[in-house]
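*Asks:* Give me coordinates for this.
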Amino acid sequence: MTHRPLRSCSAAAVVLTAMASVLTAQQPAHAAADRIRLGNTADVSRGAWNGPAFTMNGAGGVVTATMTRAIDEIRGGTGTLDVVVLAGSAPTSGSRTPECDAITASAGVNSCTTWTLTAAADGNNSQVNTDVRNAEFVYFAGGDQCRYAAWKGTALEASVESVVAKGGGSGGGSAGHHINSPIVYDACNGSVTSSEALANPYDRYISFTTGMFAWANYGSVINDSHFVTRDRMGRTMSFLARAVKDGLAPGGAAWGVGVEEGGGSLFLDRNGMATQYGKDAYVVLADHQPEQAVDRRPLTYSGFKIWRLTPGSTFDFKNRPTCGYYLRSVTNGIADTNLYSGTPVSDCGGQSGGAVLAESEPNDTRDTADDATSLTFPASLTGGMRSTSDRDYFKLTVPAGQTVAVNCAVPSAYDADLYWLDANGSTLERSVNDGAGTDESLSFTRTASGTGTYYLDMEAYSGSGSASYDCRVTRS
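*Replies:* Sure thing, here's the model as predicted:
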């Protein structure tokens with residue numbers, strides 16, 4: 001039996017091996033997970049935290065006002081905490097740790113660690129997960145939310161969830177804002193514009209990740225960023241119609257939260273109350289099936305409900321309002337004009353869901369009380385017990401026949417008591433629950449004729465701190 005010579009096969013193998021070497025050399029090398037830590041090398045150890053708290057930013061950078069508030073509320077105004085920044089790519093210029101540079105400038109930060117993770121497998125890196133689990137806040141940097149969505153199902157997803165579960169927090173900007181909603185526009189096929197999304201709500205650039213982070217009080221939400229500057233209302237409308245049509249949002253209603261860049265940031269506290277900072281944000285609701293949402297056909301949807309949140313205004317995500325919105329529709333891919341402003345079809349104390357009045361010291365007497373008489377309701381009164389003898393007074397008026405309800409979230413740094421006083425300072429109602437961090441609530445109905453003047457008095461009982469209490473005031 002004659003055998004075929006082997007030399008030609010060997011030569012071919014050498015050629016193939018050489019070609020493979022060239023191709024391998026041309027492939028981009030996967031960068032190793034990169035860690036940079038600022039501040040103390042040892043993590044804080046503490047039994048309890050006062051969150052959760054969340055920051056949702058319209059651009060990638062840290063917004064100092066909401067980050068400081070999150071830090072203060074999580075630590076209850078005392079001690080320090082650790083922060084981890086997660087990034088899918090390194091900055092192309094300037095500091096390698098821009099987010100941590102801003103965060104470590106705030107009081108109450110023990111350390112800030114930046115991890116740059118460029119592959120899905122990095123989500124199972126043991127050192128990454130140790131750092132995250134030992135932290136009290138996780139900030140997702142701007143960049144590409146598809147890289148963050150790739151961590152779904154990894155140990156890192158569970159580690160971030162553990163931070164929130166222990167009373168810490170999460171947040172981010174731009175891509176980091178997107179990943180913090182339960183329905184994520186992941187942009188894994190590319191970014192879509194409003195005109196493209198309205199022309200075809202099933203455009204190939206529209207894809208979603210679900211089943212990742214699901215924060216309390218924030219269900220059925222799709223986040224969007226750079227909202228007004230990049231004209232993203234139209235694409236958010238298309239996302240919401242898709243979410244309702246495809247059953248991505250439980251209960252048949254989907255909510256969009258679009259935050260503007262340039263310092264726009266939505267702060268969400270442990271009770272589901274959001275406060276807007278810096279620039280406007282928009283809450284958009286799709287609460288019925290779209291009239292038309294099919295592939296390669298333009299969107300038709302009547303009656304999106306839109307709340308415009310101006311800086312300082314609030315929105316209750318736990319008890320979402322059913323009033324205060326304006327309406328806009330899309331017909332055959334063409335949206336109504338004036339998408340970013342409108343007159344509410346019904347008034348429930350302002351289209352934003354209420355105003356916020358922060359205390360201004362000195363306000364320790366009725367004569368120096370902060371004036372809340374011009375606020376629309378519901379509204380929030382905020383402040384801190386700066387000393388163990390601090391008292392904060394707020395002046396309000398109540399018309400005949402109306403009931404005022406006050407519910408105060410108190411941080412764990414102190415025990416504070418709540419009093420409702422008449423114009424002469426006599427106590428009419430009180431709430432004096434025991435224990436630091438124990439919430440207080442009361443209600444009062446004016447049965448007399450005319451409008452009366454009253455004072456809300458928040459008094460320190462024990463402890464003190466800069467962490468803010470938040471008293472939600474409603475009138476009915």
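*Asks:* The most centrally placed residue in the chain: what's it in contact with?
*Replies:* Nearest to the mean C-alpha position of the chain, by Cα atoms, centre = their mean, lies M56 at 3.6 Å. M56 sits next to G171, G172, H177, N180, N223, V257, V259, S265, L266, F267, L268 when contact means Cβ atoms under 8 Å, 6 or more residues apart in numbering. Glycine gets a C-beta too; all of them are placed from N, C-alpha and C.
*Asks:* For the second one, list each beta-bridge partner.
*Replies:* For G172, the beta-bridge partners under DSSP bridges are M56, F140.
*Asks:* Show me which residues of stretch 405-424 are buried.
*Replies:* When burial is assessed from 16 or more other Cβ atoms under 10 Å, stretch 405-424 yields the following buried residues: 405-421.
*Asks:* Can you list which of those residues are found in strands?
*Replies:* Taking DSSP state E as the definition of strands, those contribute 405-409, 414-421.
*Asks:* and of these, the nearest to R37?
*Replies:* Proximity of these to R37, judged by Cβ to Cβ, is greatest for Y414, which lies at 31.8 Å.
*Asks:* Please tell me how far the closest one sits from G169.
*Replies:* When distance is defined by Cβ to Cβ, to the nearest Å, Y414 is 20 Å away from G169.
*Asks:* can you check R232 too?
*Replies:* For R232, the distance to G169 equals 25 Å [Cβ to Cβ].
*Asks:* Just want to know which of these two has more residues nearby.
*Replies:* The neighbour comparison of R232 against G169 (other Cβ atoms under 10 Å) goes to G169, with 30 against 24.
*Asks:* secondary structure class for G176?
*Replies:* Under DSSP: H, G, I helix; E, B strand; the rest coil, the three-state class of G176 is helix.
*Asks:* State the number of residues packed around the residue lying closest to it once chain neighbours are set aside.
*Replies:* The shortest distance from G176 to any non-neighbouring residue, by Cβ to Cβ, 6 or more residues apart in numbering, is to F140 (3.0 Å). Residues contacting F140 under the criterion other Cβ under 10 Å number 29.
*Asks:* Likewise for T337?
*Replies:* When neighbours are defined as other Cβ under 10 Å, T337 has 6 of them.
*Asks:* helix/strand/coil for it?
*Replies:* Following three-state DSSP, we place T337 in the coil state.
*Asks:* and if you look at the one 4 residues further on?
*Replies:* On the three-state scheme (three-state DSSP), S341 is labelled coil.
*Asks:* can you pull out the helices in the stretch 101-250 of the chain?
*Replies:* Ranges of helices within the stretch 101-250 of the chain are 126-133, 145-149, 155-165, 175-178, 194-199, 233-245, based on DSSP state H, counting those that start in this stretch.
*Asks:* Now the longest strand seen in the chain - C-alpha only, PDB.
*Replies:* In the chain, taking DSSP E as the definition, the longest strand is strand 452-463. Below are the C-alpha coordinates for strand 452-463, written out as PDB (Å, rounded to 0.1, in the frame of the first residue of the first chain):
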ATOM      1  CA  GLY A 452     -55.900  79.500  60.500                       C
ATOM      2  CA  THR A 453     -52.200  79.900  61.000                       C
ATOM      3  CA  TYR A 454     -50.300  77.000  62.500                       C
ATOM      4  CA  TYR A 455     -46.700  75.900  63.200                       C
ATOM      5  CA  LEU A 456     -45.000  72.600  62.600                       C
ATOM      6  CA  ASP A 457     -42.300  72.000  65.200                       C
ATOM      7  CA  MET A 458     -39.600  69.300  64.800                       C
ATOM      8  CA  GLU A 459     -37.600  68.900  68.000                       C
ATOM      9  CA  ALA A 460     -34.400  66.900  68.700                       C
ATOM     10  CA  TYR A 461     -35.100  64.400  71.500                       C
ATOM     11  CA  SER A 462     -31.800  62.600  71.500                       C
ATOM     12  CA  GLY A 463     -28.800  62.700  69.200                       C
END
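*Asks:* Given it, what are its sheet partners and their directions?
*Replies:* strand 391-398 (antiparallel), strand 414-421 (antiparallel).
*Asks:* coming back round to it: which residues touch the residue nearest to G176?
*Replies:* With contacts defined as Cβ under 8 Å, 6+ apart, the neighbours of F140 are 85-87, 148, 170-173, 175-177, 179-180.
*Asks:* Let's see that with 6 Å instead.
*Replies:* F140 makes contact with L86, G172, G176, I179 under the criterion Cβ atoms under 6 Å, 6 or more residues apart in numbering.
*Asks:* tell me which of those residues is nearest to L396?
*Replies:* Once Cβ to Cβ is applied, the member of the contacts of F140 that ends up nearest L396 is G172, at 37.0 Å.
*Asks:* What does the pLDDT read for that closest one?
*Replies:* Note for G172: predicted pLDDT of 97.
*Asks:* G384 now?
*Replies:* Predicted confidence (pLDDT) for G384: 88.
*Asks:* wait, doesn't it sit right on G463?
*Replies:* No. The pair G384 and G463 fails to qualify as a contact (Cβ atoms under 6 Å) at a distance of 11.2 Å.
*Asks:* tell me the phi and psi of T104?
*Replies:* The main-chain torsion angles of T104 are listed as degrees, to the nearest 10 and equal phi -70, psi -10.
*Asks:* neighbours around it, how many?
*Replies:* Look at T104: counted by other Cβ under 10 Å, it has 15 neighbours.
*Asks:* Check V221 too.
*Replies:* The local packing of V221 (other Cβ under 10 Å) involves 23 other residues.
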